[in-house]
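In: Let's see this in three dimensions:
(one chain, ligands or ions: 2)
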Amino acid sequence: MILEVQNISKSYFSGGNTSGRLILDHLDLNVKQGERIAIIGPSGSGKTTLLNLIGTLDRPDSGRILFDNIDLSEMDDKQLSQFRNGKIGFVFQQHYLLPQLSLWENVLLPTLAGKKQQNTEREERAGRLIDRVGLSAVMHQKPSALSGGECQRCAVVRALINTPMLLLADEPTGALDHSSSGILADLLVELNIEEGVTLMIVTHSSDVASKMDRIYSLVNGRLTDEHSL
Ligand SMILES: Nc1ncnc2c1ncn2[C@@H]1O[C@H](COP(=O)(O)OP(=O)(O)OP(=O)(O)O)[C@@H](O)[C@H]1O
Ligand SMILES: [Mg+2]
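Out: Numbering: from 1, shown residues only. Ligands and ions are numbered 1, 2, ... in the order given. All right, here's what the predicted structure looks like:
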């Protein structure tokens, strides 16, 4: 298993409430290397919360998450940031591109920390991926000059640039029309097959979900594989 989520719970405390609101309730999930998982569920059900915990941007209140047999709760902040940068690609629900950088610079940013590849190698990969999502013509533009869908495609390329083992994508096609959404989902599946990157995609699109191996629905704080698309 590349990922074992064991019995995790997460509550949010807000507005001075002393009893938190339970979002994830003893949730379990096992994912094999190279699998393609879709997560669906109503707004507010905790999908982003779950990706944030798996992506180590937040910690569960209880339970544990193992990545490649390593317990993430045992890593310190420095180890976690190295782990995130090298092993995980994250496409956020909001794309979080840096406005002062061009699309090209945004894509290459995550490679600066690792230094594991030669410049030419990572630039070749960036160019190839940018071409595949149809952004070559605008790659020297800043995000403010791009459409929402173009920014989203750029965010997907940025998440893949370091050849992660696991791609966590939070509605990566939410801002795209039907045809662009299909092209992007096909690209993710191709990279999954070519590079073995494990995909975990939150989506409201039944077309995108149907391209995955397994579809889970997040209901009442737990995942179930009963769903209706
Ligand atoms: N930092 C936070 N503090 C307090 N409550 C939060 C926080 N983050 C999320 N929540 C609450 O937790 C619940 C789950 O949020 P989450 O963002 O995980 O839902 P989601 O399934 O991703 O929804 P959507 O489909 O709208 O993106 C929501 O009710 C939200 O208001
Ligand atoms: Mg969300």
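In: which strands and helices sit next to the lengthiest helix in the chain?
Out: Looking across the chain with DSSP state H, the single longest helix is helix 178-195. Using 3 or more Cβ pairs under 8 Å, 6 or more residues apart in numbering; DSSP states H and E, the elements in contact with helix 178-195 are helix 148-160, strand 198-202, helix 206-210. In short, each C-beta sits where N, CA and C put it, glycine included.
In: And residue 105, how close does it get to ligand 1?
Out: Using Cβ to the nearest ligand atom, to the nearest Å, residue 105 is found at 28 Å from ligand 1.
In: Spell out which helix or strand contains that residue, please.
Out: Per DSSP states H and E, residue 105 falls inside helix 103-108.
In: Averaged pLDDT, the very next helix or strand once past that helix. What do you get?
Out: For helix 103-108, the following helix or strand on the C-terminal side (DSSP H and E) is helix 111-114. Confidence over helix 111-114 (mean pLDDT, whole number) is 79.
In: what do you get for stretch 140-147?
Out: In this model, stretch 140-147 has a mean pLDDT of 95.
In: Not counting it itself, show me its contacts.
Out: The contact list for stretch 140-147, computed with Cβ atoms under 8 Å, 6 or more residues apart in numbering, reads 95, 97-104, 106, 138, 151, 154, 175.
In: which other residues reach the helix holding residue 105?
Out: 97-98, 122-123, 126, 129-130, 135, 138-143, 146, 150, 154, 157-158, 161.
In: mean confidence score for that helix?
Out: Helix 103-108 comes out with an average pLDDT of 95.
In: Start at 285, not 1
Out: New numbering, starting at 285: the last item is helix 387-392.
In: what about it, distance to the chain center?
Out: 18 Å (Cα atoms, centre = their mean, to the nearest Å).
In: before we move on, what about stretch 330-348?
Out: Distance of stretch 330-348 from its chain centroid, counting by Cα atoms, centre = their mean, is 12 Å.
In: List the buried residues of it.
Out: By 16 or more other Cβ atoms under 10 Å, the buried positions in stretch 330-348 come out as 330-340, 344, 347.
In: Same check on stretch 370-383?
Out: With burial defined by 16+ other Cβ under 10 Å, the residues of stretch 370-383 counted as buried are 371-377, 379, 381.
In: Mind listing residues that contact it?
Out: Applying Cβ under 8 Å, 6+ apart, the external contacts of stretch 370-383 come out as 332, 335, 339-341, 351-352, 368, 387, 389-390, 393, 398, 400, 426-428, 435-436, 438-440, 442-446, 448-456, 458, 481, 486.
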